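Participant: Provide a 3D model corresponding to the input given below.
(2 chains)
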Amino acid sequence: SQQGEEDPQALSIQEGENATMNCSYKTSINNLQWYRQNSGRGLVHLILIRSNEREKHSGRLRVTLDTSKKSSSLLITASRAADTASYFCARRETSGSRLTFGEGTQLTVNP
Amino acid sequence: DGGITQSPKYLFRKEGQNVTLSCEQNLNHDAMYWYRQDPGQGLRLIYYSQIVNDFQKGDIAEGYSVSREKKESFPLTVTSAQKNPTAFYLCASSIFFGTNTGELFFGEGSRLTVL
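Facilitator: Got it, this is the predicted structure:
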């Protein structure tokens, strides 16, 4: 078990639309990170949000964190076909300092 | 340019054989990690190393072995004891290992197929 869930498992949208992916977890965390993976490639770090932060922006990315609900969301605005990839959240747990990955959301942006 | 290099990218193995996957980094990072990814799934931690000459088991260490003799290198051996080794293997590094550790830097992965 990855001790967390991401939803949806798959998301298909049109170019220009916004994409929202959600991540829930069960343990206490120090930070939460989002990564992107193109098919057959390694993961690339997108953004990190600390447990004392509620929202963070980076370009077209917006991440929120609600520690009371143990959940986070990643919003990609004005999506492009090049955003097609799998997106993973990863929780840095306070106990043991492990980084635990979710099972990811497969995003397809249709041109 | 700094980064993590994994080799080989594709590897085929017969049942009963051991294989070693290479991971080299020139980022001067203390911590290194090996993850396994199965189709459509997330990453599971195999082994990690906080510093040279030290390593710890992750969640699925059975059938795998590692060494950390140099800061730059963290090879993973998939032994014949690993019952289902066909998977995508990812190596990663971070500046250090701890509660406040930030991002991981990943290699491009090695795809192992057992024939």
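Participant: residues near the residue nearest to residue B:80 when sequence neighbours are not counted, how many?
Facilitator: Leaving out its chain neighbours, the residue that sits closest to residue B:80 by Cβ to Cβ, 6 or more residues apart in numbering or on different chains is residue B:16, at 4.9 Å. Every residue, glycine included, has its C-beta placed from N, CA and C. With neighbours defined by other Cβ atoms under 10 Å in any protein chain shown, the count for residue B:16 comes to 8.
Participant: please read off the pLDDT at residue B:16 from the model.
Facilitator: Here the pLDDT value assigned to residue B:16 is 87.
Participant: and residue B:1, by the same measure?
Facilitator: Confidence score, pLDDT, at residue B:1: 66.
Participant: distance of the nearest residue to residue A:83 once chain neighbours are set aside relative to chain B?
Facilitator: Among residues not flanking residue A:83 along the chain, residue A:109 sits closest, at 5.0 Å (Cβ to Cβ, 6+ apart). Relative to chain B, residue A:109 is positioned 19 Å away (Cβ to the nearest Cβ, to the nearest Å).
Participant: output the set of residues of chain B in proximity to chain A.
Facilitator: B:4, B:6, B:35, B:40-45, B:88, B:90, B:92, B:97-109, B:111 (Cβ under 8 Å from any Cβ of the partner chain).
Participant: ok, back up a step: how many residues are close by the residue nearest to residue A:83?
Facilitator: Neighbours of residue A:109 (other Cβ under 10 Å): 20.
Participant: quick one: what helix or strand has it in it?
Facilitator: strand A:105-110 (DSSP states H and E).
Participant: show me what the helix or strand where residue B:5 lies is packed up against.
Facilitator: Assessed by DSSP H and E, residue B:5 sits inside strand B:4-7. When contacts are defined as 3 or more Cβ pairs under 8 Å, 6 or more residues apart in numbering or on different chains; DSSP states H and E, strand B:4-7 sits against strand B:19-25, strand B:87-94.
Participant: could I get that strand in PDB with only the CA atoms?
Facilitator: Only the C-alpha atoms of strand B:4-7 are listed here, as PDB (Å, rounded to 0.1, in the frame of the first residue of the first chain):
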ATOM      1  CA  ILE B   4      22.100  10.900 -12.900                       C
ATOM      2  CA  THR B   5      23.100   8.300 -15.400                       C
ATOM      3  CA  GLN B   6      21.500   4.900 -15.400                       C
ATOM      4  CA  SER B   7      22.700   2.000 -17.600                       C
END
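Participant: what does that strand contact?
Facilitator: Contact with strand B:4-7 is made by A:42, B:21-25, B:27, B:89-93, B:105-110, as judged by Cβ atoms under 8 Å, 6 or more residues apart in numbering or on different chains.
Participant: name the residues of stretch A:75-86 that are buried.
Facilitator: A:76, A:79, A:83, A:84, A:85, A:86 (16 or more other Cβ atoms under 10 Å in any protein chain shown).
Participant: any weak-confidence spans in chain B?
Facilitator: For chain B, residues meeting the criterion pLDDT under 70 lie at B:1.
Participant: okay, now residue 111: neighbour count?
Facilitator: I'll assume chain A. Taking other Cβ under 10 Å as the criterion, the count of residues near residue A:111 is 9.
Participant: sorry, should have said chain B
Facilitator: Applying other Cβ under 10 Å, I find that residue B:111 has 15 neighbouring residues.
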